[in-house]
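In: Okay, here's the prediction I keep looking at, along with the sequence it came from:
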Amino acid sequence: MRPVPLAILLALAPGLALAQSAAMPPPPYGPAPYGPGMDGPMMSAHRGDFDPARMLLDFYAANTSHDGHLTLAQAKAANFRPIVEHFSQIDTKNRGYITFYDIEAWRLDDIAQHLEQRANALRAED
């Protein structure tokens, strides 16, 4: 039996790597399995696809004072549009700043409201 030349093995390596990656499961974040005409709780016209990791990175990039408190002025300066548009809804304690946890609470409230509306629509169909 003849040994396989190293050049042939190296030429096949990218194809083998692609074959392995095709069998990997999808990432944990992605489109939710909702039916036709349903945006799902993480989708809305003013926010689009919600990516928590991206939101966290954007939050810390906008928070130029690096104190964990994002002000409206900082959000405007960073062109952090979803936060600017809904700052008063997120800042429920009227502190003049929000934290990342405030954003998460606002998002979860939005999800809960969407789910409640969907549940009411389903009850009405019954």
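Out: Nice, I can see it. Residues are numbered from 1 along each chain as shown.
In: Spell out the residue ranges of the helices in the chain.
Out: Listed in chain order, the helices found in the chain under DSSP state H are 6-22, 52-62, 72-77, 81-85, 87-90, 100-125.
In: if you average pLDDT over each of the ones you listed, which comes out lowest?
Out: With a mean of 55, helix 6-22 has the lowest mean pLDDT of these.
In: follow-up on the earlier one: adding mean neighbour count, write the helices of the chain out as JSON lines.
Out: No exception for glycine: its C-beta is placed from N, CA and C like everyone else's. Converted to JSON lines, those look like this (neighbours: other Cβ atoms under 10 Å):
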{"stretch": "helix 6-22", "mean neighbour count": "9"}
{"stretch": "helix 52-62", "mean neighbour count": "14"}
{"stretch": "helix 72-77", "mean neighbour count": "16"}
{"stretch": "helix 81-85", "mean neighbour count": "17"}
{"stretch": "helix 87-90", "mean neighbour count": "16"}
{"stretch": "helix 100-125", "mean neighbour count": "13"}
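In: what about stretch 63-83, start to end distance?
Out: This stretch, stretch 63-83, spans 12 Å end to end (Cα to Cα, to the nearest Å).
In: again with stretch 76-94
Out: Separation of the first and last residues of stretch 76-94 by Cα to Cα is 18 Å.
In: Contacts for it next, please.
Out: 46-47, 58-59, 61-62, 64, 70, 72, 74-75, 97-98, 102-103, 105-106 (Cβ atoms under 8 Å, 6 or more residues apart in numbering).
In: for stretch 59-69, same thing?
Out: For stretch 59-69, contacts defined as Cβ under 8 Å, 6+ apart pick out 70, 74-75, 77-78, 80, 83, 95, 97-100, 103.
In: ok, 10 Å please
Out: Outside stretch 59-69, the residues that touch it by Cβ atoms under 10 Å, 6 or more residues apart in numbering are 70-71, 73-80, 83-84, 95-103.
In: Now do E104 against E125, distance only.
Out: To E125, E104 is 32 Å away according to Cβ to Cβ, to the nearest Å.
In: let me fix that: A105
Out: The span separating A105 from E125 equals 31 Å under the rule Cβ to Cβ.
In: Equivalent analysis for S65, please.
Out: 50 Å.
In: Many thanks, have a good one.
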